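Peer 1: kindly return the folded structure for what I paste below:
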Amino acid sequence: MSVTCPSCASRWRKTRGAARAFVLAAPLALAHPGAAAEMRAGVMVPNGVQLRSVAIPQPQSGQVRIRVVAASVNPVDWKLAVRSPELLGRVAGRDLAGVIDAVGPGVEHWKPGAAVIAIADGSYAEYALANARALAAKPTSMPFEEAAGLPVVGETAWRAMVTVADVQKGQRVLIQGGAGGVGTCAVQVAKARGAYVIATASARNAEFLRSIGADEVIDYHAARFEDQVHNVDVVLNTVDPDIGLRSMHVIKPGGILISVVGDPPAAECAAAHIRCAITGHATGAMLSHVVALADAGQLHIYIERRLPLSDAAQAWELSRAGHTRGKIILQIAPEAH
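Peer 2: Numbering: from 1, shown residues only. Here you go, the predicted structure:
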């Protein structure tokens, strides 16, 4: 599939001058004019991302520096550029796979040369810093590009299905938005827990979702899910707040609605006699569990597009369109061995 972004170049040219005012000095992957060594990085500019040269960051206490092989594109990346002007000028990205090349003071359990995945602010870069508590050994079963897509969506799915819902064998689980990054992982985690898994998706993704463990797939273009499914134990909403409200009607009393798109309204949850919760932010604290599931062959990352770092703007346009199956990955360095 060939996708182009004819409007991107002019948009980035228009915003380039305005964006310079937001380039700040900070320890985590920000431009630093006085630094001698520089790297390529995708920097957040108003409503977009732009390739620049910035200082190679130096690990501080409790941190490691990672030579990034691949980084993952998550919707939160471009949403931050739109909603949080104070972050403009920072390197974009939240997760990656790569090789540790330096460690800061106080880091005892990680050494240079270790292949890792991490939750790391500023992952769209040749080097990134991560807290030593926010990384895990790269799954041996995955190449770097696939592993780069695992940290944020894998941990979010684990938090939803295991930490929050404690999904049990035989329970009925509905994943709203089953073909997205979080959705595909949640389908697999729920299936690994022994659940009966139902997912909503477009018709083009139905066979794909069945291949990764979904027992039923509802084409949201062809039918209302409320007419197709009832008495589920757990709903994970990855779509929007309206879908969350509609989902309340298919959950059995005492069941749970989990959202990654904002807090469900408490009054409506109480009226429906269900529990409501959010997953919280992925911190890296649960990556070891996610890696174990991947190495057991029960969790895979599906990559729809691979793009070089220089095409980060195009990656954002694809992500904004909202039809990505699995993940978009930025290729930053050759695969390490």
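
Peer 1: residues in contact with residue 300?
Peer 2: Residues counted as contacts of residue 300 (CB atoms under 8 Å, 6 or more residues apart in numbering) are 142, 146, 188, 212, 294. (Glycine included, C-beta is placed from N, CA and C.)

Peer 1: what residues does stretch 257-267 touch?
Peer 2: 156, 160, 164-165, 182, 234-241, 244-245, 247-248, 251, 269, 274-279.

Peer 1: for it, measure first residue to last.
Peer 2: Taking CA to CA, to the nearest Å, the first and last residues of stretch 257-267 lie 13 Å apart.

Peer 1: next, the buried residues of that stretch.
Peer 2: 257, 258, 259, 260, 261, 264 (16 or more other CB atoms under 10 Å).

Peer 1: okay, and for this structure, where does confidence drop off?
Peer 2: 1-36, 336-337 (pLDDT under 70).

Peer 1: kindly recompute the last result at 90.
Peer 2: Scanning the chain for pLDDT under 90 picks out 1-36, 47, 80-84, 280-281, 322-323, 334-337.

Peer 1: helices or strands up against the top strand by length along it?
Peer 2: What stands out as the longest strand in the chain, according to DSSP state E, is strand 63-73. Counting contacts by 3 or more CB pairs under 8 Å, 6 or more residues apart in numbering; DSSP states H and E, strand 63-73 is packed against strand 95-103, strand 115-119, strand 127-131, helix 144-148, helix 151-158, helix 312-321, strand 327-331.

Peer 1: residue 209 reaches residue 200, doesn't it?
Peer 2: No: with contact defined as CB atoms under 8 Å, residue 209 does not reach residue 200; the gap is 9.4 Å.

Peer 1: what do these two both touch?
Peer 2: Common neighbours of residue 209 and residue 200 (CB under 8 Å, 6+ apart) are 178, 217.

Peer 1: give me the more crowded residue out of the two.
Peer 2: residue 200 (28 against 24; other CB atoms under 10 Å).

Peer 1: thought that one was touching residue 187?
Peer 2: No: look at residue 200 against residue 187 with CB under 8 Å: they stay out of range, at 11.0 Å.
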